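Asker: no sequence for this one, just the structure:
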């Protein structure tokens with residue numbers, strides 16, 4: 001296990017500064033860096049454990065908050081903007097490349113859920129990216145969603161459209177929970193999400209169970225599979241067998257479309273990647289092996 005140092009970093013973004021944290025192995029030479037993109041409505045503290053795992057393996061890791069979330073600037077708060085987040089990912093890559101401890105030509109983009117789509121999309125247009133890891137990545141909404149009836153779906157769509165109209169008019173967002181109780185208007189009502197929320201709660205957490213739902217309209221038009229088809233570097237897609245949020249029949253297409261795509265499927269649900277320690281350990285071992293092979297590093 002490699003010793004490492006953790007430092008706070010910042011870099012410019014639209015509407016202010018983006019905050020992040022860089023995990024740097026304590027070695028005398030520049031090392032590859034994993035730039036980590038969090039998911040829908042997420043904050044960087046959800047990825048601290050993953051970043052430390054990469055640092056323990058001798059890789060630098062950069063986590064950061066998108067604009068309007070966590071410690072980063074940006075108003076209104078808790079509003080997911082696809083183009084803005086893609087710009088933040090590019091800025092985070094530039095921040096990593098500028099650090100003296102990082103090998104600027106061995107940057108790996110790593111993304112979780114919606115961040116997985118972002119990692120693929122940004123890498124497709126950046127020939128200097130060395131590899132991509134997309135974990136439970138978004139690739140379109142499933143036709144049927146766990147815990148959501150037709151009536152519930154209509155109520156959610158009303159909230160989405162109302163929030164979108166408020167955004168067009170320059171009014172404050174109409175927020176709904178990211179994770180809700182059964183029957184509550186929320187982004188997800190999956191039973192497994194409740195355990196996930198418990199791991200995020202607390203005074204020290206940057207995460208808030210609140211989001212402006214207008215972003216789902218952008219996500220309906222988001223096509224990361226088109227970017228996957230243009231990838232020239234290795235791509236590893238890691239999925240959960242019983243994932244109802246980013247199901248294999250959709251997200252698996254990202255590995256199929258990529259010229260150098262690989263797919264690994266693990267037991268559990270979408271939220272097992274957050275809440276189940278054994279899943280995280282198993283997935284991390286596979287991801288580190290993939291990165292080492294893609295970069296030509298010794299195991």
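Answerer: Everything's here; your move. Nothing here was measured: the structure is a model prediction, and the numbers come from that model.
Asker: which parts of the helix or strand that residue 216 is a member of are buried?
Answerer: Assigned by DSSP states H and E, residue 216 belongs to helix 215-219. For helix 215-219, burial by neighbour count (16 or more other CB atoms under 10 Å) applies to 215-216. All C-beta spots, glycine's among them, are computed from the backbone N, C-alpha and C.
Asker: try stretch 123-143
Answerer: Neighbour-count burial for stretch 123-143, counted by 16+ other CB under 10 Å, picks out 123-124, 129-140.
Asker: give the phi and psi angles for the nearest residue to residue 24 once chain neighbours are set aside, as a check.
Answerer: Excluding the flanking residues, the one nearest residue 24 by CB to CB, 6 or more residues apart in numbering is residue 101, at 4.6 Å. Main-chain torsions, residue 101, degrees, to the nearest 10: phi -90, psi 0.
Asker: lowest average confidence, helix or strand, in the protein?
Answerer: Each helix and strand of the chain was given a mean pLDDT (mean pLDDT, DSSP states H and E); the minimum falls on helix 192-200 at a mean of 65.
Asker: run a quick check on residue 60 versus residue 24, I expect a contact.
Answerer: Yes. Between residue 60 and residue 24 a contact is recorded at 5.3 Å, counting by CB atoms under 8 Å.
Asker: so where do the helices sit in the stretch 1-150 of the chain?
Answerer: Counting by DSSP state H, counting those that start in this stretch, the segments of the stretch 1-150 of the chain that form helices are 48-56, 82-98, 114-124, 150-168.
Asker: so which elements touch the shortest one?
Answerer: Under the contact criterion of 3 or more CB pairs under 8 Å, 6 or more residues apart in numbering; DSSP states H and E, the helices and strands touching helix 48-56 comprise strand 4-13, strand 16-25, strand 31-37, strand 60-64, helix 277-295.
Asker: same deal with the last one?
Answerer: Contact analysis of helix 150-168 by 3+ CB pairs under 8 Å, 6+ apart lists helix 215-219 as its packing neighbours.
Asker: please name every helix or strand in contact with the helix it packs on.
Answerer: For helix 215-219, where contacts count as 3+ CB pairs under 8 Å, 6+ apart, the packed elements are helix 82-98, helix 150-168.
Asker: most neighbours per residue, which of those?
Answerer: Counting by mean count of other CB atoms under 10 Å, helix 82-98 has the highest mean neighbour count of the helices and strands packed on helix 215-219, with a mean of 19.
Asker: what angle sits between it and strand 16-25?
Answerer: With axes from the mean of the first three to the mean of the last three CA atoms, to 10 degrees defining the directions, helix 82-98 sits at 40 degrees from strand 16-25.
Asker: ok, and what's touching helix 82-98?
Answerer: Applying CB atoms under 8 Å, 6 or more residues apart in numbering, the set of residues contacting helix 82-98 from outside is 9, 11-14, 18, 20, 22, 33, 35, 37, 60, 62, 64, 66-68, 72, 74, 102, 104, 107, 109, 114, 118-119, 121-122, 126, 128-129, 215, 218-219, 222.
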